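Student: Below are the sequence and a predicted model; questions follow.
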Amino acid sequence: MSEPYDPYLPRGGSSSNPSGEPARGQGNAKTAAIQAQFDDMVAILRENIIKVAERGERLDSLGETGGFASVREGLGSLQDKADKLAVSVEEFRRGANKVRKNMW
């Protein structure tokens, strides 16, 4: 009697042929190529996850040493400048509308 199918448990054989069935020519070559691409992608994803974790640790250490506070201050001044620019744009728009209406 055979065991029930579980996609998470290999049934013997190599990683490119987890079912243990005999090779079927070109179909198996395509499967092996796709498996190799998948393995490469998994390796890249793992590297990216490690890099993100390391970056998070560096950001946390910046926040603890106070270096992150200067970044926050810089963002605050950028926000102030953006607000002032938005007000200036609105004033310019109103002035341009007045000029346009007077020219008509």
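Tutor: Structure's in. What do you need?
Student: on contacts alone, who are the packing partners of the helix or strand bottoming out on mean pLDDT in the chain?
Tutor: Here the helix or strand of the chain ranked lowest by mean pLDDT, DSSP states H and E is helix 67-103, holding a mean of 80. With contacts defined as 3 or more CB pairs under 8 Å, 6 or more residues apart in numbering; DSSP states H and E, the packing partners of helix 67-103 are helix 26-65. Heads up, the C-betas are built off the backbone N, CA and C, glycines and all.
Student: any idea of the mean pLDDT in the helix it packs on?
Tutor: Averaging pLDDT along helix 26-65 yields 83.
Student: quick check: angle from it to helix 67-103?
Tutor: Going by axes from the mean of the first three to the mean of the last three CA atoms, to 10 degrees, helix 26-65 is angled at 100 degrees with respect to helix 67-103.
Student: mind checking how far Met41 is from Asn48?
Tutor: Counting by CB to CB, to the nearest Å, the gap from Met41 to Asn48 is 10 Å.
Student: Please read the previous query as pertaining to Ala36.
Tutor: In this view, Ala36 and Asn48 are 19 Å apart by CB to CB.
Student: now do Arg58
Tutor: Arg58 sits 15 Å away from Asn48, going by CB to CB.
Student: repeat for Arg100
Tutor: Arg100 is 53 Å from Asn48, by CB to CB.
Student: again with Glu57
Tutor: Separation of Glu57 from Asn48 (CB to CB) stands at 15 Å.
Student: got it, and Leu59?
Tutor: Distance from Leu59 to Asn48, by CB to CB: 16 Å.
Student: Those two: which has the busier surroundings?
Tutor: It is Leu59, of Leu59 and Asn48, that has more neighbours when counted by other CB atoms under 10 Å, with 13 against 10.
Student: and the gap between that one and Gln37?
Tutor: Counting by CB to CB, the gap from Leu59 to Gln37 is 33 Å.
Student: swap in Asn48?
Tutor: According to CB to CB, Asn48 and Gln37 sit 16 Å apart.
Student: No more questions from me, cheers.
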